[in-house]
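*Asks:* Have a look at this prediction, sequence included:
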Amino acid sequence: MLNLVLFGPPGAGKGTQSQKLIDKYGLIHLSTGDLLRGEISQGTELGLEAKKLMDEGLLVPDAVVIGMISNKLDANKDAKGFIFDGFPRTVAQAEALDALLESKASAISGMIALEVDDDELERRLLLRGKDSGRPDDADPAIIRKRIKEYNDKTTPVAGYYKNQDKFTSINGIGSIDEIFSAIVAVIEKY
Ligand code: B4P
């Protein structure tokens with residue numbers, strides 16, 4: 001089973017590369033950002049709570065996203081594997097994911113981190129904000145807050161996978177196809 005964590009700051013290309021990886025490997029895509037936006041568009045109570053935090057560029061509580069991932073793992077018991085996109089974003093989420101997979105006799109194969117500098121992230125997200133309708137992509141101050149949340153709370157997750165010898169970093173600047181080839185080269189070694 002191939003279970004991949006795609007890691008990187010907001011705008012690094014996780015969602016973009018996930019789509020290409022699904023096509024190539026037939027994995028189930030679990031993006032906590034997409035799952036949360038789904039709750040928002042359905043107007044659920046969870047979605048209403050999450051929206052306040054997401055619009056401010058803040059992380060949603062661990063218990064909420066861990067619960068969503070747990071439900072999706074249970075609903076896809078026959079999957080060939082999963083791409084975790086935007087999850088785990090805290091060490092507590094990483095520990096919970098390991099426990100969930102272990103209870104299914106599975107494990108993370110590896111984490112691939114996309115490295116992109118802050119100026120390029122801001123440029124990409126503002127560009128996407130022009131037509132995505134995402135409030136968190138429209139305002140440079142919110143984008144900078146998201147990057148700060150990433151630096152404060154999410155970067156320690158890389159250390160968690162480094163300690164397990166499951167971490168690889170690649171350059172996230174270049175054409176989408178060039179970056180995809182670099183990711184595939186890492187996956188082929190798993
Ligand atoms: P996400 O939906 O995960 O948002 P993201 O990090 O901005 O997306 P991504 O990084 O996938 O975008 P991509 O690079 O593909 O999270 C949104 C919010 O949800 C968070 O702020 C938080 O509030 C909440 N949340 C989600 N998960 C959570 C969790 N686990 N715990 C707590 N809270 C959570 O795309 C960016 C743009 O770059 C696109 O327009 C794309 O076309 C462009 N692009 C991609 N690759 C490029 C390249 N090589 N060159 C040029 N442009 C490129």
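*Replies:* Yep, it's here.
*Asks:* Got the confidence number for the closest residue to the ligand within the chain?
*Replies:* Per C-beta to the nearest ligand atom, G33 is where the chain lies closest to the ligand, at 1.8 Å. Glycine gets a C-beta too; all of them are placed from N, C-alpha and C. What the model reports for G33 is a pLDDT of 97.
*Asks:* What is the burial count for it?
*Replies:* G33 has 19 neighbouring residues, counting by other C-beta atoms under 10 Å.
*Asks:* State the phi and psi torsions of it.
*Replies:* Per-residue torsions, G33: phi -60, psi -50 (degrees, to the nearest 10).
*Asks:* next one: S31
*Replies:* Taking degrees, to the nearest 10 as the convention, S31 sits at phi -100, psi 120.
*Asks:* For beta bridges, what are the partners of it?
*Replies:* Going by DSSP bridges, S31 is paired in beta bridges with D85.
*Asks:* So the residue of the chain closest to the ligand is in contact with G86, correct?
*Replies:* Yes - at 4.7 Å, G33 counts as touching G86 under the criterion of C-beta atoms under 8 Å.
*Asks:* End to end on stretch 97-112, go ahead and measure it.
*Replies:* Distance across stretch 97-112, first residue to last, is 16 Å (C-alpha to C-alpha, to the nearest Å).
*Asks:* Of all the residues in it, which ones are buried?
*Replies:* Using 16 or more other C-beta atoms under 10 Å as the test for burial, stretch 97-112 gives 97-98, 101, 106, 108-112.
*Asks:* That's all I had, so thanks and see you.
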